[in-house]
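Student: Compute the structure for the input listed below.
(one chain, ligands or ions: 1)
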Amino acid sequence: MDVTRRGFLTGGMAFGGLFATSALPAIADDDPSLFPGRGRFERLSLTYHAIKAGATKPFTVLHISDTHLTAAYPDEGEFERKTAYRRIRTFGGRQEEALRDSIAWAKEHVDYLLHTGDLIDFQSRANFDLVKKYYGEGGAMMFGCLGNHEHYRGKKMAKKDGTPIVPAVVPDLLKEAYPFPNDFCSTVINGVNFVTIDDSTDTVSADQASRFEAEVKKGLPILLCMHCPFPTREIVRAASRFWPRTNLKAIRDMSNFVESEKYKDATTKDFVAYLRAQPLLKGILCGHGHLNVVDDFSPTAKQYEVAGNFMFCGQEFTIS
Ligand SMILES: [Fe+2]
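Tutor: This next block holds a predicted model:
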């Protein structure tokens, strides 16, 4: 397909329902000859953090989240094609470039790459193919968890004649596409246990809580990795201004903020109380809010929320 950069920037890709970012031409910013004075990775916006967890040997991790890939093949359904059309305009169409830069940076500069969810914006064959491709490129150094958008297939409404707009969810697609157990996983790196969970409904299940307790019994320092942060004060305060439509109350008066009221269920609330008393918990790595916020969580752990990878953001950790 012959699409110029100018054509793309002025909406030239908006035809025929083809909005696969994978099908985009190499966009100019990928070509260093156009901006020869710019360093290869200058579009990346990284913040730097150190966690003294008690590793057997120090190592580094690039943490990214919320890439929100928006691909759909021309032969996919109405939901996939329309959502791709709409959402590429939300995220800017450079999500794959951002992901490629992040993977390249990680390969050159750090030991591991962690993606804490919303790698895709909605379920489509094209998006799942990209998931396989980029987890494949990341290779053994890349691991992660799911976010709420990994589960997104639109509202399950039916048209007036009763035809569902969205086909039935196929959960196996998630299992197939992502190279890790979706619900709960433990990965030990240099004596530090990365526990990755799917908390994309803003809740932790009883099963996840009890499996976490089993991980604690291993006696290793733990970094909990999940998509949605726990609603601690500074994370809620930042989100309330960034996402005002959903949090007007919080904007008006943070003095009324009561964290415990923010939990959707007792299991999650109890789990948070348990976590706060766990000296082995050394940090929580999460995304979802599209903001960089570091907030206190417990005497031994902070929550590190990373801004959207679709805007080339990431956090680099030195873990010792
Ligand atoms: Fe999210």
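Student: could you pull out the helices for the stretch 51-200 of the chain?
Tutor: Ranges of helices in the stretch 51-200 of the chain, per DSSP state H, counting those that start in this stretch, are 78-91, 95-109, 125-138, 171-177.
Student: what angle sits between the first one and helix 125-138?
Tutor: Read it as helix 78-91. 60 degrees (axes from the mean of the first three to the mean of the last three C-alpha atoms, to 10 degrees).
Student: How about helix 78-91 and the ion, any contact?
Tutor: No: Helix 78-91 does not reach the ion (C-beta under 5 Å from the ion); its nearest approach is 12.1 Å. Glycine gets a C-beta too; all of them are placed from N, C-alpha and C.
Student: Who are the packing partners of that helix?
Tutor: If you count contacts as 3 or more C-beta pairs under 8 Å, 6 or more residues apart in numbering; DSSP states H and E, helix 78-91 packs onto helix 125-138.
Student: What are the buried residues along the helix it packs on?
Tutor: By 16 or more other C-beta atoms under 10 Å, the buried positions in helix 125-138 come out as Arg125, Ala126, Asn127, Phe128, Asp129, Leu130, Val131, Tyr134, Tyr135, Gly138.
Student: Give me the contacts around stretch 128-144.
Tutor: For stretch 128-144, contacts defined as C-beta atoms under 8 Å, 6 or more residues apart in numbering pick out 21-22, 69, 71, 96, 99, 103, 106-107, 111-117, 119-120, 173, 176-180, 185, 187, 194, 196, 225.
Student: partners of Ile222 in the sheet?
Tutor: Counting by DSSP bridges, Ile222 forms beta bridges with Asn193, Leu281.
Student: Quick one: residues contacting the closest residue to the ion within the chain.
Tutor: Minimum separation of the chain from the ion (C-beta to the ion) falls at His288, amounting to 3.9 Å. Taking C-beta under 8 Å, 6+ apart, we find His288 in contact with Ser65, Asp66, Gly117, Asp118, Gly147, Asn148, His227, Cys228, Pro229, Glu305.
Student: what do you get if the cut-off is 7 Å, keeping everything else the same?
Tutor: Neighbouring residues of His288 by C-beta atoms under 7 Å, 6 or more residues apart in numbering: Asp66, Asp118, Gly147, His227, Cys228, Pro229.
Student: Residue numbers of the stretch 51-200 of the chain in contact with the ion?
Tutor: Asp118, Gly147, Asn148.
Student: and those as JSON lines, adding pLDDT?
Tutor: Output for those, formatted as JSON lines (pLDDT from 0 to 100):
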{"residue": "Asp118", "pLDDT": "98"}
{"residue": "Gly147", "pLDDT": "96"}
{"residue": "Asn148", "pLDDT": "93"}
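Student: Nothing else from me, thank you.
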